[in-house]
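**Q** here are the coordinates; sequence isn't available:
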């Protein structure tokens, strides 16, 4: 069966787009072939900076004929109906139609149509141009003479040629499938390396394509290019007694910048190694797309003064000029970085102007990082147009961190100090150049100016965790600041109604909420979120300008409103309900990812409690799961559900249920026994819950199992006597209430 | 003209002016009109009306020129070896872009002595955007041995108007390129005239004092009250000139170039105010928007002129 080879050669495609584009090409073409009725055995995509290539094997040579029958009107139908049928079926005369008979309807016309199969060549000649025109580049452009007219072809960069051959693997020669897209005619010609092999190459099929490209100094397969780079880079490093600092993202990018990778090693002065390794690495990586090295066995951030670059040519001088040139640029960049590093440790010139800000935050303006914080405040750098300045934000975070510290077990003074300095590095030169180093630089500068270790660590750690697998801070100072930072962010964006919707979460609020959850749960911190917000209503004025302008009153009002929902009576606020339920949603996702049952989480969250202590919710879910795995648990669940079902059915019918159980009208001992057991279990469970001992609460409830079973065995709830029935229903209600302290059993599956 | 044909002191590897002359000769050979710098203060070669305005409309246009460019904020009192508040860009604009523009560009590098089998020349993604000109395009930074030596852009939009056809723009950072081919680490050490000994003139001889003086001016002494007034004046004048030259009875627009000069002036005044630090973050956006509005108005007016293709019959498809 024939193979198809397609190559779209263009000017240099951005490295970050190549892999996806090649995948898109494969999907669009193979989907189109299948939709047109062809089948294929295999398809593989390839890419280089200058081409997207698709190799399809074992394609069927033509699509099958498609037969179709179109039912028409009765043979006795009026002229108009018959004409309509002819139009619809494309027949020219009714004699071309067949006559079918139906016992009920009598004779009627049927058109037998055959849509003949099409050759693969024909299908491809239509499919490829359509694919090219509809290609989903993230950004595309027009070019050249053709762009004078509207609707001209768009591609990521100018498309230079299209190679499209089709034919059997062996034997007969493949043919070019002819088509044209905006003046570019398909052919069997491509070009090799831009500088090493500028002449045209004629291609038959995939095998000679790969081989000829290789002779023309193009390695078609990106994985192969990556292997070459990785292998040669490691060897070069090893030969100098060094190790390559591996960097997969950089490797992927570099493999998309070259067709013929040639790895070389450059050098910079030892002196630059006083710059932190992270900064050196980012400088060399971001600007020069080079790898860094370290001494064998040294830590990741203790770098050596050699870097590794990947060039695209086998230079005639062995790469001397290339290494020299790259070294020059790297040195210039590192000299900038060294300047940043030194400047950040020096005094700011305008210290006098920083005094007011210094006083506001209790800063020591003799210290460089304190000066940077003062400057952040003084410059009124905006955090978010509706949420005020970074200075205001830091005030709020510091106050909250100080309040949280005792709950977490941190020294409040240290927590406050860390929070005050947490954002100071945003005004350093190093972070200005490399925003991804926020926190990392703060920590380094803090240590240099003699801050306590826990304070310095918190400057970096308070940004964590950055996702479900990132590390969670454990030091109490870091935990206090991390919580304060995230809670402030969440409450702030809720106050201005900038909540995540669907796939949009521009302020990473889901990540912030997950961060709060992970910090609390994984550190075992009990924290009631609602009173926290309420108690802290006066903290630092909690100035959220837009929120107060709009009359919602900032965190204070939100905190109070959230509380009011659960303390009944005061006004409820939709925002505040949202925020807590947002935490609950995130908690569900978190627990589900850790294997907890969805229904158990729902059952626990449906209880009357405020459910604002996330750790307790988790413990409750765990205890419930353990309990339900026991025989007692299963039976109690069944009994409770039965009670609830009966109640629900009767409530629906409007049957009277007594307000309270009246022991005087019990008729059977099982009623009496159950009533006693419920009273005891409810009380014991409530006390256990009070102590947050959920397994004891479950244990208390499990005492209900035998009396419940006995009750249902012996007692008919639907007694003829209405008052007896109402009383029994009231007893069932007590079962539901007792178990309801722990979870809403009706939401539990099984 | 190739390197070998140049007299020794005009060798682009030895002489800054030799580099310029080589590029002039190369692009003249490839059909460009070689223009002289625009006689106004601009932030980049793109601001020259030969690019901004001529990139618009259907008429073919090929030009090359050196444009002194001023970035007041980049002044370093002559103390930084790489950064200048006044420097040269070499600008090439080809409309529509020829199909072999990349080859033409690589040819120009060969002309100044950069052999692509010795030096690693690369096209690295870089999408260009000028908020003040309402312009954007796709293209690359062109790297030579890891150093960005040019910007290569296919203009998609200029003055907020779709380019039809698209123009290709090449911008060479002349000082950086010269430093590379001359093997010099400090811009002020560049050999300007390619002579040696007593006859040698360096870039520093020509520009160091000016860099020091302009840095003082840009950061310390430029009269901000006056500049704020100049901004308003230029903005008003730009609009007034466009209005005065507005088309009559189906005729062309009659005063675009003078109006566009005022847009350029407003842009440069804004850059000075920015360097003086008197423009806050929020105001900054607003000023950029005001300049863009002027540029857009000029671009739209240009399409109503002869050069902009007013009544121009495109060849039949």
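**A** Nice, thanks for sending it over. Since the structure is predicted, the reported quantities are computational estimates derived from the model, not experimental observations. Numbers count the residues shown, from 1 in each chain, chains lettered A, B, ... in the order given.

**Q** how about residue A:643, nearest residue that isn't a chain neighbour?
**A** residue A:732 (4.1 Å; CB to CB, 6 or more residues apart in numbering or on different chains). Any C-beta I mention is one placed from the backbone N, CA and C, and that applies to glycine too.

**Q** correct me, but the one you found touches residue A:647?
**A** Yes. Between residue A:732 and residue A:647 there is a contact at 5.2 Å, judged by CB atoms under 8 Å.

**Q** closest residue of the stretch 401-550 of chain A to chain B?
**A** residue A:427 (13.6 Å; CB to the nearest CB).

**Q** quickly find the element holding residue B:232.
**A** Element membership for residue B:232 (DSSP states H and E) is helix B:224-244.

**Q** and that helix, what does it pack onto?
**A** helix B:256-275, helix B:281-302 (3 or more CB pairs under 8 Å, 6 or more residues apart in numbering or on different chains; DSSP states H and E).

**Q** pLDDT averaged over the shortest one - what is it?
**A** Averaged over helix B:256-275, pLDDT sits at 95.

**Q** and it, does that touch chain A?
**A** No. If you take CB under 8 Å from any CB of the partner chain as the test, helix B:256-275 misses chain A, and the best it gets is 15.4 Å.

**Q** tell me the angle that helix makes with helix B:281-302.
**A** For helix B:256-275 and helix B:281-302, the angle between their directions (axes from the mean of the first three to the mean of the last three CA atoms, to 10 degrees) works out to 170 degrees.

**Q** what helices or strands is helix B:256-275 leaning on?
**A** Contact partners of helix B:256-275 among helices and strands, from 3+ CB pairs under 8 Å, 6+ apart: helix B:49-52, helix B:224-244, helix B:281-302.

**Q** which non-adjacent residue is nearest the closest residue to chain A within chain B?
**A** Per CB to the nearest CB, residue B:145 is where chain B lies closest to chain A, at 2.6 Å. Distances taken as CB to CB, 6+ apart place residue A:325 nearest to residue B:145, at 2.6 Å, with adjacent residues excluded.

**Q** hmm, residue B:143 and that neighbour touching each other?
**A** No. Between residue A:325 and residue B:143 there is no contact under CB under 8 Å: 9.4 Å.

**Q** what residues are shared contacts of those two?
**A** residue B:120 (CB atoms under 8 Å, 6 or more residues apart in numbering or on different chains).

**Q** the residue in chain A sticking out farthest from the centre and residue A:84, how far apart?
**A** Of all residues in chain A, residue A:76 has its C-alpha farthest from the mean position, at 65.1 Å, by CA atoms, centre = their mean. Residue A:76 sits 15 Å away from residue A:84, taking CB to CB, to the nearest Å as the criterion.

**Q** over to residue A:59?
**A** From residue A:59 to residue A:84 the distance is 40 Å (CB to CB).

**Q** who has more neighbours, the two?
**A** Applying other CB atoms under 10 Å in any protein chain shown to residue A:59 and residue A:84 shows that residue A:59 carries more neighbours, namely 22 against 13.

**Q** show the model's pLDDT score for the nearest residue to that one once chain neighbours are set aside.
**A** Spatial nearest neighbour of residue A:59, chain neighbours left out: residue A:40 (4.6 Å); criterion: CB to CB, 6+ apart. Predicted confidence (pLDDT) for residue A:40: 96.

**Q** before we move on, which element is residue A:40 in?
**A** In the assignment (DSSP H and E), residue A:40 maps to no helix and no strand.

**Q** do the same with residue B:142
**A** Residue B:142 belongs to strand B:135-144, assigned by DSSP H and E.

**Q** helix or strand next in line after that strand, which one?
**A** Next element after strand B:135-144 (DSSP H and E): strand B:147-158.

**Q** elements contacting that following strand?
**A** helix A:320-345, helix B:101-111, strand B:135-144, strand B:168-173, helix B:174-182.

**Q** sorry, back to before: show me the contacts for the residue of chain B closest to chain A.
**A** The contact partners of residue B:145, by CB under 8 Å, 6+ apart, come to A:321, A:322, A:324, A:325, A:326, A:328, A:329, B:119, B:120, B:180.

**Q** now render the helices and strands packed on strand B:147-158 as CSV, adding mean neighbour count and distance to residue A:522.
**A** Putting the helices and strands packed on strand B:147-158 into CSV (neighbours: other CB atoms under 10 Å in any protein chain shown; distance: least, CB to CB, whole Å) gives the following:
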stretch, mean neighbour count, distance to residue A:522
helix A:320-345, 19, 33
helix B:101-111, 18, 54
strand B:135-144, 23, 44
strand B:168-173, 24, 52
helix B:174-182, 22, 51
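
**Q** and these as TSV, adding distance to residue B:298 and mean pLDDT?
**A** Formatted as TSV, those follow (distance: least, CB to CB, whole Å; pLDDT from 0 to 100):
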stretch	distance to residue B:298	mean pLDDT
helix A:320-345	37	92
helix B:101-111	26	97
strand B:135-144	12	96
strand B:168-173	18	97
helix B:174-182	27	94
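
**Q** which one of residue A:732 and residue A:647 has more residues nearby?
**A** Neighbours per residue (other CB under 10 Å) separate residue A:732 from residue A:647, with residue A:732 holding more: 26 against 20.

**Q** okay, that one: pLDDT?
**A** Looking at residue A:732, its pLDDT reads 89.

**Q** quick one: it from chain B, how far?
**A** Computed as CB to the nearest CB, to the nearest Å, the residue A:732 to chain B distance reads 65 Å.

**Q** related to what we said a few turns ago, identify the residues contacting the residue nearest to residue A:643.
**A** By CB under 8 Å, 6+ apart, residue A:732 lies in contact with A:643, A:644, A:646, A:647, A:717.

**Q** kindly report the residues of the stretch 1-150 of chain B close to chain A.
**A** So the stretch 1-150 of chain B meets chain A at B:58, B:82, B:96-99, B:102, B:115-125, B:127, B:137-140, B:144-147 (CB under 8 Å from any CB).

**Q** change it to 6 Å
**A** For the stretch 1-150 of chain B, the residues in contact with chain A (CB under 6 Å from any CB of the partner chain) are B:58, B:96-97, B:99, B:102, B:116-120, B:123, B:125, B:138, B:145-147.

**Q** farthest-separated two in these?
**A** Comparing all pairs in those by CB to CB, the longest separation belongs to B:58 and B:118, at 41.3 Å.

**Q** look at the residue located most distally from the centre of chain B and give its secondary structure.
**A** Distance from the C-alpha centroid of chain B, by CA atoms, centre = their mean, peaks at residue B:249 (36.0 Å). When classified by DSSP: H, G, I helix; E, B strand; the rest coil, residue B:249 comes out as coil.

**Q** what pLDDT does the model give it?
**A** At residue B:249, pLDDT is 88.

**Q** again with residue A:536
**A** For residue A:536, the model assigns a pLDDT of 45.

**Q** cool, residue A:601 as well?
**A** At residue A:601, the pLDDT value in this model is 90.

**Q** quick one: it and residue A:747, what's the gap?
**A** Distance of residue A:601 to residue A:747, computed by CB to CB: 9 Å.
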